[in-house]
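Chemist: My questions are about this predicted structure, shown below with the sequence.
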Number of protein chains: 2
Amino acid sequence: MSEYVKQAPEASKAPETGGAGPRRVPLTPGARRALEAAGRLFYERGIHAVGVDLIAAEAGVTKKTLYDRFGSKDQIVVEYLADRDERWRAFLADRLERVRAPRSRILAVFDASRDWAERSLPRGCSMINAHAEITDPAHPAYAVITGQKAWMLALFTDLARALAPRRAKSLGRSLMLLHEGGLVAYGMGIFPDAIDHARRDAQALLKAAVRSDG
Amino acid sequence: MSEYVKQAPEASKAPETGGAGPRRVPLTPGARRALEAAGRLFYERGIHAVGVDLIAAEAGVTKKTLYDRFGSKDQIVVEYLADRDERWRAFLADRLERVRAPRSRILAVFDASRDWAERSLPRGCSMINAHAEITDPAHPAYAVITGQKAWMLALFTDLARALAPRRAKSLGRSLMLLHEGGLVAYGMGIFPDAIDHARRDAQALLKAAVRSDG
DNA sequence: CAAGGAGTAAACAGATCGGTCTACTTTCGG
DNA sequence: CCGAAAGTAGACCGATCTGTTTACTCCTTG
């Protein structure tokens, strides 16, 4: 892998859709198939374990197309993570739109995570997994990973503010801990229904928080 | 990497020290240095990102010695994880020996994790990280990873039993969630002092659990 | 109709991967 | 004193890795 210099030739335009972050490459049909294949393979087997030749073969695309569109494997990794993040945020936003009560909105995040997790292999959170493989903070994908977690923490904190404003910061962090714990326990198969268990614990936590907040 | 067939030539003896698991190779001076180097490199950079040539060079050992002792890179990975697990259990046992009150013993696990984490790079739990890279359940290291998490869950459940016997199973899982969440949040730098925060949440949880258990 | 964007097919390059091998040296216990 | 264990030094193997290149084919659009 090159030293993070390469971007796709036509990159560095496109409007900001969600959070900040490097790049998005225009998705031609071939690029779209490549990204879909890369996403599946990266998630199932790990990033380092999947080569560009395999991605190209699975996508029914030549390596030239891969490099014409993305410029480097590192950029494919960035697109993979940014794409998953974007999808997750859209999925979650849709779930949250339908719920009004502050307490239910918080629990809806856990429900969304459970449903999201159950629609693919039980391999847990792609950001946590990617963080285990990408150890260099200068890697362009690193910001996507930490940005996703920072966004989730901010979300929990915001949701907590509507429920217990004085304890929002601490409560947000506690919810984050339960949520991350649920994702990991689910991904590693430590015990069954881990995300549901985390949800129940969150529910108890919220009850106590409301009681003790002004 | 070979298909998991290779073990060190002299393997498959040595008494069971801790939990079950595939095997420990006798540690000659060269093998010890190699394992120390491999452990540091694997943890800091990830398993797939570290080659056997680098391990040999950092350990001041030739590749022949590596393969005479371990037989394969896969076996080095197994030794790396089993060694860390063994060390962690010894470290934790020492901490637990000094505490008697059931509630304090549970909190001592969080304290031990915090201290253990702070003595190395903030890269979180080596088992969680390894699980992100080793995706094949047939890999000999997989049992070490899942075995470690199962052991931790059993530990939390046992400790919980002394405090709230009727809720031990559920309480053990809740503690596990907080603990794993703390490890991940710490490893990814999501917010400061994550393990301490998890400890505080565990403390509150224990208070409530005692109140509602027989 | 001409030009350019998107793509296929496939060879190629250089580096690195895990792993093997030969030849020689050092150390130590029976 | 001798043989086995543990090690160094370093060449070597085939496979795979990321990335590049040449030559050609579609298809769309001005």
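Modeler: Arrived safely. Numbers count the residues shown, from 1 in each chain, chains lettered A, B, ... in the order given.
Chemist: Can you list the buried residues in the host helix or strand of A:R211?
Modeler: Assessed by DSSP states H and E, A:R211 sits inside helix A:194-212. Neighbour-count burial for helix A:194-212, counted by 16 or more other C-beta atoms under 10 Å in any protein chain shown, picks out A:A194, A:I195, A:H197, A:A198, A:R199, A:R200, A:D201, A:A202, A:L205, A:L206, A:A208, A:A209. Every residue, glycine included, has its C-beta placed from N, CA and C.
Chemist: Could you tell me which residues of chain A lie near DNA strand D?
Modeler: Within chain A, the positions near DNA strand D by C-beta under 7 Å from any atom of the strand are A:1-2, A:6, A:50-54, A:63-64, A:67, A:71-74.
Chemist: Give the buried subset of those residues as a ChimeraX selection command.
Modeler: Command for ChimeraX that selects the buried part of the residues of chain A next to DNA strand D, burial taken from 16+ other C-beta under 10 Å:
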select /A:6,50,52,67,71,72,73,74
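Chemist: mind listing which of the residues of chain A next to DNA strand D are in helices?
Modeler: Among the residues of chain A next to DNA strand D, the residues falling in helices (DSSP state H) are A:V52, A:D53, A:L54, A:K63, A:K64, A:Y67, A:K73, A:D74.
Chemist: what two of these are the furthest from one another?
Modeler: A:K64 and A:D74 (17.7 Å; C-beta to C-beta).
Chemist: Excluding chain neighbours, give the residue nearest to the residue nearest the centre of chain A in space.
Modeler: By C-alpha atoms, centre = their mean, the mean C-alpha position of chain A lies nearest to A:D85, the distance being 4.1 Å. Excluding the flanking residues, the one nearest A:D85 by C-beta to C-beta, 6 or more residues apart in numbering or on different chains is A:Q148, at 4.9 Å.
Chemist: okay but that neighbour is in contact with A:A130, surely?
Modeler: No - counting by C-beta atoms under 8 Å, A:Q148 stays clear of A:A130, with 9.6 Å between them.
Chemist: Please say which of those two ends up with more neighbours.
Modeler: Shown here are A:Q148 and A:A130; by other C-beta atoms under 10 Å in any protein chain shown, A:Q148 has more neighbours (27 against 24).
Chemist: For whatever residue of chain A ends up closest to DNA strand C, report the pLDDT, please.
Modeler: Closest residue of chain A to DNA strand C, C-beta to the nearest atom of the strand: A:G30 (2.6 Å). Each residue has a pLDDT score; the one for A:G30 is 93.
Chemist: Quick one: low-confidence residue ranges for chain A.
Modeler: A:1-2, A:6-23, A:214 (pLDDT under 70).
Chemist: which residue ranges form the helices in it?
Modeler: Using DSSP H, helices in chain A cover A:29-45, A:52-59, A:63-70, A:73-97, A:102-118, A:126-133, A:140-161, A:168-187, A:194-212.
Chemist: and of these, who's closest to B:M176?
Modeler: helix A:168-187 (6.5 Å).
Chemist: Can I get the closest one as PDB, trimmed to CA atoms?
Modeler: Taking C-alpha atoms only, helix A:168-187 is exported to PDB below (Å, rounded to 0.1, in the frame of the first residue of the first chain):
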ATOM      1  CA  ALA A 168     -26.300  14.600  29.900                       C
ATOM      2  CA  LYS A 169     -22.500  14.400  29.400                       C
ATOM      3  CA  SER A 170     -22.100  11.600  31.900                       C
ATOM      4  CA  LEU A 171     -25.200   9.800  30.900                       C
ATOM      5  CA  GLY A 172     -24.200  10.000  27.200                       C
ATOM      6  CA  ARG A 173     -20.900   8.300  28.000                       C
ATOM      7  CA  SER A 174     -22.600   5.600  30.000                       C
ATOM      8  CA  LEU A 175     -24.900   4.900  27.100                       C
ATOM      9  CA  MET A 176     -22.000   4.800  24.800                       C
ATOM     10  CA  LEU A 177     -20.200   2.200  27.000                       C
ATOM     11  CA  LEU A 178     -23.300   0.000  27.100                       C
ATOM     12  CA  HIS A 179     -23.700   0.400  23.300                       C
ATOM     13  CA  GLU A 180     -20.100  -0.400  22.500                       C
ATOM     14  CA  GLY A 181     -20.100  -3.300  24.900                       C
ATOM     15  CA  GLY A 182     -23.200  -4.700  23.300                       C
ATOM     16  CA  LEU A 183     -21.600  -4.400  19.800                       C
ATOM     17  CA  VAL A 184     -18.400  -6.200  20.900                       C
ATOM     18  CA  ALA A 185     -20.200  -8.900  22.900                       C
ATOM     19  CA  TYR A 186     -22.500  -9.500  19.900                       C
ATOM     20  CA  GLY A 187     -19.600  -9.500  17.400                       C
END
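Chemist: Ramachandran angles for A:G71?
Modeler: Main-chain torsions, A:G71, degrees, to the nearest 10: phi 90, psi -30.
Chemist: residues contacting A:H197?
Modeler: Shown in contact with A:H197 (C-beta atoms under 8 Å, 6 or more residues apart in numbering or on different chains): A:G182, A:A185, A:F191, B:S170, B:R173, B:S174, B:L177.
Chemist: of all these, which comes closest to DNA strand D?
Modeler: DNA strand D lies nearest to A:A185 out of the contacts of A:H197, by C-beta to the nearest atom of the strand, at 30.3 Å.
Chemist: any idea how far the nearest residue to that closest one once chain neighbours are set aside lies from B:L175?
Modeler: Nearest non-adjacent residue to A:A185, counting by C-beta to C-beta, 6+ apart: A:A194, 3.6 Å away. To B:L175, A:A194 is 13 Å away according to C-beta to C-beta, to the nearest Å.
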